[in-house]
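Student: sequence below, structure please.
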Amino acid sequence: MIFEGLPTTPRSEELVDKAFSRAARAGRAKRGHEAQESMLRTAGNVLSDNLENVVVSWPDFGFDVDPFYYELADAIVDVDRLRQALAQVMWASRQIESLRDEYTTKVRNSDVDTARKHRKQAFARMADVMDQIEDDLRYIGDSRDDLRDLPDIRPDEPAIVVAGYPNVGKSSFVNRVTRASNEIAEYPFTTRGVQVGHFERDHVRYQIVDTPGLLDRPEDERNDIERQAVSALEHLADVVLFVLDPSGDCGYPLDVQLELREEVRALFDESIPMLTVANKHDRFDAVRAESVDATMSVTAEENVERVLDMAVEAAAFEPDLPTRDPEE
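Tutor: All right, here's what the predicted structure looks like:
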């Protein structure tokens with residue numbers, strides 16, 4: 001997952017202590033001008049390099065982050081604020097480099113006592129720059145902690161998003177078709193686990209995503225963060241599988257379930273196919289043909305594979321195959 005490997009972000013005070021401690025050790029190994037210059041360059045390098053590493057460890061939100069993860073990240077943190085913080089930290093890295101070079105010249109062109117004063121002045125100005133980005137480093141660190149545990153959902157793999165009211169059999173269906181390969185991942189904005197399962201067809205790995213707390217109730221019952229998370233799913237889905245329970249055992253009448261289906265249908269682009277599947281068909285006699293595309297019973301293991309095949313066919317995923325150079 002794109003945010004999983006982000007390193008821990010150091011705090012401003014922590015970095016300053018680290019830089020000046022190393023500078024002191026470097027200075028003790030030398031005398032006169034060499035000691036002052038060594039201290040100055042060591043502190044400047046430690047600060048500028050560590051700040052630059054903070055920035056370059058993050059993906060470029062403008063180019064490297066898939067729209068799905070961009071929307072998901074923005075639902076959890078303020079991506080604009082995060083990008084601004086990263087820009088400020090890179091500015092600080094460059095500013096400290098400039099101070100290092102400016103005062104290195106001053107140290108070299110002065111007597112030892114003046115060189116010591118220049119080095120202390122440089123340290124004070126570097127510390128001032130670090131104070132200016134204290135909040136930015138904290139925001140970057142907090143964002144890293146919030147984003148690193150997002151579910152490992154891969155936008156480059158075909159995805160079947162499962163929707164429908166609670167207790168209609170969505171999770172049972174996901175567990176059934178993915179067997180032991182499914183995993184539970186937690187979104188930071190819901191206390192219920194999001195199920196992400198995988199299965200293969202014709203050497204292609206498919207993702208199947210059940211989203212309790214997001215696509216299992218009307219839009220007006222979702223909070224702002226959940227609405228934005230649903231927006232992220234719009235970028236992910238290759239097909240939406242809406243599960244009904246016409247028996248009513250789930251606690252929601254069929255007409256209410258069909259209303260939710262229409263809401264979910266409106267969330268996704270018209271190019272994204274939606275299949276309506278009636279589960280628990282062993283518990284009811286019939287459903288209006290226009291309401292469903294297929295029926296199944298997960299508990300009785302009837303028509304489950306057929307429904308999955310329909311979803312794969314509807315996704316119509318065509319993998320990118322390597323092409324042979326015609327001149328070879």
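Student: okay, CA-based contacts and neighbour counts for the rest of this
Tutor: Fine.
Student: let me see the contact set for the nearest residue to residue 37 once chain neighbours are set aside.
Tutor: Nearest residue to residue 37 in three dimensions, chain neighbours excluded: residue 104, at 6.1 Å (Cα to Cα, 6 or more residues apart in numbering). By Cα atoms under 8 Å, 6 or more residues apart in numbering, the contact list for residue 104 reads 37, 40-41.
Student: so residue 24 sits in a helix?
Tutor: Yes. Assessed with DSSP: H, G, I helix; E, B strand; the rest coil, residue 24 lies in a helix.
Student: got the contact list for it?
Tutor: residue 39.
Student: report how many residues lie close to residue 4.
Tutor: As a burial measure, residue 4 scores 14 neighbours (other Cα atoms under 10 Å).
Student: now it, what's its secondary structure?
Tutor: coil.
Student: by neighbours, which of the contacts of residue 104 wins?
Tutor: residue 40 (29 neighbours).
Student: surely that residue is in a strand?
Tutor: No. Under three-state DSSP, residue 40 falls outside any strand and is assigned helix.
Student: now stretch 61-76: mean pLDDT?
Tutor: Per-region confidence: stretch 61-76 scores 84 on mean pLDDT.
Student: just the CA trace of it, in PDB.
Tutor: Taking Å, rounded to 0.1, in the frame of the first residue of the first chain, the C-alpha atoms of stretch 61-76 are listed here in PDB:
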ATOM      1  CA  PHE A  61       0.000  13.600  -4.600                       C
ATOM      2  CA  GLY A  62      -0.200  15.300  -8.000                       C
ATOM      3  CA  PHE A  63       1.400  12.400  -9.900                       C
ATOM      4  CA  ASP A  64       2.000   9.200  -7.900                       C
ATOM      5  CA  VAL A  65      -1.300   8.800  -5.900                       C
ATOM      6  CA  ASP A  66      -4.200   7.000  -7.600                       C
ATOM      7  CA  PRO A  67      -7.500   8.900  -7.400                       C
ATOM      8  CA  PHE A  68      -8.900   6.200  -5.100                       C
ATOM      9  CA  TYR A  69      -6.200   6.700  -2.500                       C
ATOM     10  CA  TYR A  70      -6.200  10.500  -3.000                       C
ATOM     11  CA  GLU A  71      -9.900  10.600  -2.100                       C
ATOM     12  CA  LEU A  72      -9.400   8.100   0.700                       C
ATOM     13  CA  ALA A  73      -6.500  10.100   2.200                       C
ATOM     14  CA  ASP A  74      -8.400  13.300   1.900                       C
ATOM     15  CA  ALA A  75     -11.300  11.800   3.800                       C
ATOM     16  CA  ILE A  76      -8.900  11.100   6.700                       C
END
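Student: thinking again about what came up before, would you verify that the residue nearest to residue 37 is located in a helix?
Tutor: Yes. Assessed by three-state DSSP, residue 104 belongs to a helix.
Student: name the helices or strands packed onto the host helix or strand of residue 34?
Tutor: Assigned by DSSP states H and E, residue 34 belongs to helix 32-56. Contacts defined by 3 or more Cα pairs under 8 Å, 6 or more residues apart in numbering; DSSP states H and E place helix 32-56 against helix 12-28, helix 79-108, helix 112-132.
Student: how many neighbours does the residue lying closest to residue 94 once chain neighbours are set aside have?
Tutor: Of all residues not flanking residue 94 in the chain, residue 48 sits nearest, at 6.8 Å (Cα to Cα, 6+ apart). For residue 48, the tally of surrounding residues (other Cα under 10 Å) stands at 23.
Student: which ones are touching residue 48?
Tutor: So residue 48 contacts 92-94, 96-97 (Cα under 8 Å, 6+ apart).
Student: would you list the residues you listed in a markdown table and tack on pLDDT, neighbour count and distance to residue 143?
Tutor: Putting the contacts of residue 48 into a markdown table (pLDDT from 0 to 100; neighbours: other Cα atoms under 10 Å; distance: Cα to Cα, whole Å) gives the following:
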| residue | pLDDT | neighbour count | distance to residue 143 |
| --- | --- | --- | --- |
| 92 | 97 | 21 | 19 |
| 93 | 97 | 26 | 20 |
| 94 | 97 | 17 | 23 |
| 96 | 97 | 27 | 24 |
| 97 | 97 | 19 | 26 |
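Student: circling back to that earlier point, who wins for proximity to residue 305 among the helices and strands packed on helix 32-56?
Tutor: helix 79-108 (40.5 Å; Cα to Cα).
Student: who does residue 302 form a beta bridge with?
Tutor: For residue 302, the beta-bridge partners are residue 297 (DSSP bridges).
Student: now the residue nearest to residue 94: how far from residue 267?
Tutor: 46 Å (Cα to Cα, to the nearest Å).
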